[in-house]
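Chemist: give me coordinates for this.
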Amino acid sequence: MKSNLMKLNLVVASMSILGLISGPVLANHTKHKAPTKQAEATRDYKDYKDMGPKVCTITPTALTMVEMSQNVGRSLPNPCNPGWYDRIRVSGGVNFDFGKFGNRNSNIMGENYQTFSLNDVYVNVAGTVNDWTTAFASLSFNTASTARNPSLYGTFGAAEYSAAYSNNINGAAGNNFQVEQAFATIANFDVTPVYVQGGKFFQDFSRYEIHPITRSLTQSMSETLASALKVGFVADGFNGGAYVFNSPIGKLGSSASSNATNYGLSLGYDMNNEQFGWDVGAGYLYNLMGVNDIAYRVNNFTNGGYNSHVGGVALYGDLNSGPFMVALRYTQAVQRFNVNDLTKNGRADLTPASAILGNGVAAVTPLATATGAKPWTAGIQVGYGFDSWSHSQNVYLGYQASREAAGLNLPKGRWLAGYGVDIVKDTLLAIEWDHDQMFNASNGGSGNVNNLVSLRAAVKFG
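Modeler: Residues are numbered from 1 along each chain as shown. Next up, the predicted model:
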């Protein structure tokens, strides 16, 4: 009997600690015998006649089922938690990309070449645990371009829409359903400006939109999705933080079971105002191998890891005044890559056999005159939002540039223009045109000019 009482108390106590049962657990105060029919718990709410606290019951059968399913100590729905809907919020949406007219074999990182694709379907769930703790999870499904056989495009591999989403560092997997983000935050800004965050989330290295029609050049050099621990602050517009995580690839010669520990720092200022708002910020990343797209490219080149770490910086600034907005982005490596990780001029810096045979050759050999790349990317985008015929609309125009980035499968320059309209509430139709100028042959590119027109239909709820 004592053993059964201990197990019963453990299950009920676990539910109580996790907020599933409110009020004292009567079973915990029964020292001499276990409840014969049910575990009881009081809940501090009253009925419409103010008849006093009600008693919530959880049957021993239900508790036994929890034990049998190995869920003791986990948060589980139960009848003693009728107020869950006050603490859980759900939202989501669907991005359907279609059309894709123009050059669909340009092999540019960040472009989606699928004629029809979901980019993406997502459900966001946020929960308030208590005054200090919140939780967030994003479930996602995506069928944008992935590189299932990188070797078909030579040493630097085939480009894909996002190595961060597919976690496709080795180029062997496709997109699938996954928990894209899941993290908990401990913060109470009425008490302290400091917060702690842990879980899987996008790191504060530059700023970008998740799952745009086409990812920008700076986003390809900045997007870092990883399981991390972060300590940060938000106070009077100022914000910043320090975070630590493992890079998706490890250093060559190190243990195969552990990837290199990485860290980053960020500092910024936000003034949020619909009529006149602005923000500026900077980020530092100890090792750019933490950026998913960069890790993907380097791993294809070395076929197994990296030789030397390279730090990176990212700068951003935004300004909005009424219907107008301007966004500036800049990301750069602060040292040159090891020539055996990423060459300055991509495949133009490789011996002919290495450049042609591709990923998986016995040895990828840079030319004796080759140097490592020190890539940078930059972009400016302006937009204008307006209402016409009772529909919210926006137009935007931008220019992006890069240097020493052929090995990252990025173009030398890009002009882009787009238009979007809310045809009904929370239902968007959009079109975007990307005009890409590739690096010339001596700098590792094709020298071609490519155009891609993409259409998107998007809905959201919550």
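
Chemist: list the residues that contact Gly385.
Modeler: Pro323, Met325, Ser392, Gln393, Asn394 (C-beta atoms under 8 Å, 6 or more residues apart in numbering). C-beta here means a position set from N, CA and C on the backbone, and glycine is covered the same way.

Chemist: of all those residues, which comes closest to Glu223?
Modeler: Met325 (21.2 Å; C-beta to C-beta).

Chemist: what's the neighbour count on that closest one?
Modeler: Using other C-beta atoms under 10 Å as the criterion, Met325 is surrounded by 17 other residues.

Chemist: returning to that earlier point: mind putting the contacts of Gly385 in JSON lines, pLDDT and distance to Gln203 included?
Modeler: Below are these laid out as JSON lines (pLDDT from 0 to 100; distance: C-beta to C-beta, whole Å):
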{"residue": "Pro323", "pLDDT": "95", "distance to Gln203": "31"}
{"residue": "Met325", "pLDDT": "96", "distance to Gln203": "24"}
{"residue": "Ser392", "pLDDT": "93", "distance to Gln203": "31"}
{"residue": "Gln393", "pLDDT": "95", "distance to Gln203": "33"}
{"residue": "Asn394", "pLDDT": "96", "distance to Gln203": "28"}
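
Chemist: from those, which land in strands?
Modeler: Members of those lying in strands (criterion: DSSP state E): Met325, Ser392, Gln393, Asn394.

Chemist: contacts only, for the third one.
Modeler: Right, the one you point to is Gln393. Contact partners of Gln393, counting by C-beta under 8 Å, 6+ apart, are Gly385, Phe386, Asp387, Tyr419, Gly420, Val421, Asp422.

Chemist: quick check: Val123 touching Arg89?
Modeler: No. With contact defined as C-beta atoms under 8 Å, Val123 does not reach Arg89; the gap is 11.4 Å.

Chemist: beta-bridge partners for Leu229, please?
Modeler: Taking DSSP bridges as the rule, Leu229 bridges to Gly198, Val244.

Chemist: coming back round to it: among the contacts of Gln393, which pair sits farthest apart?
Modeler: Longest distance between any two of those is 14.3 Å, between Asp387 and Tyr419; criterion C-beta to C-beta.

Chemist: pick out whichever of the two has more residues nearby.
Modeler: Neighbour totals were compared for Asp387 and Tyr419, and Tyr419 leads with 13 against 10 (other C-beta under 10 Å).

Chemist: I'd guessed the more buried one sits against Ile431; true?
Modeler: Yes. When contacts are counted by C-beta under 8 Å, Tyr419 is listed as touching Ile431 (5.6 Å).

Chemist: next, count neighbours for Met271.
Modeler: 11.

Chemist: so what's it up against?
Modeler: By C-beta under 8 Å, 6+ apart, the residues touching Met271 are Gly237, Gly277, Trp278, Asp279.

Chemist: just the buried residues of these.
Modeler: Asp279 (16 or more other C-beta atoms under 10 Å).

Chemist: how about JSON lines for the contacts of Met271, with secondary structure and distance to Ser145 added?
Modeler: Listed next are the contacts of Met271 as JSON lines, based on DSSP: H, G, I helix; E, B strand; the rest coil; distance: C-beta to C-beta, whole Å:
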{"residue": "Gly237", "secondary structure": "coil", "distance to Ser145": "39"}
{"residue": "Gly277", "secondary structure": "strand", "distance to Ser145": "35"}
{"residue": "Trp278", "secondary structure": "strand", "distance to Ser145": "35"}
{"residue": "Asp279", "secondary structure": "strand", "distance to Ser145": "31"}
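
Chemist: between the contacts of Met271, which is nearest Ala182?
Modeler: Looking at those and their distance to Ala182, the nearest is Asp279, at 26.3 Å (C-beta to C-beta).

Chemist: in three-state terms, label the nearest residue to the closest one once chain neighbours are set aside for me.
Modeler: Ranked by C-beta to C-beta, 6 or more residues apart in numbering and with sequence neighbours excluded, the top spatial neighbour of Asp279 is Asp270, at 4.3 Å. Classification of Asp270 by DSSP: H, G, I helix; E, B strand; the rest coil places it in strand.

Chemist: burial measure for Val280, as a count.
Modeler: Quick note: Val280 (other C-beta under 10 Å) scores 15 neighbours.

Chemist: direction included, what does the helix or strand in which it is found pair against?
Modeler: Using DSSP states H and E, Val280 maps to strand 276-285. Using DSSP bridges, strand 276-285 pairs in its sheet with strand 261-271 (antiparallel), strand 312-321 (antiparallel).

Chemist: buried residues, the helix or strand encompassing Ile423. List them.
Modeler: According to DSSP H and E, Ile423 maps onto strand 413-424. Across strand 413-424, burial judged by 16+ other C-beta under 10 Å covers Gly413, Arg414, Leu416, Gly418, Gly420, Val421, Asp422.

Chemist: how many residues are close by Ala333?
Modeler: Each residue near Ala333 was counted by other C-beta under 10 Å, and the total is 22.

Chemist: got the phi and psi for Ala406?
Modeler: Here is the backbone geometry of Ala406 (degrees, to the nearest 10): phi -60, psi -40.
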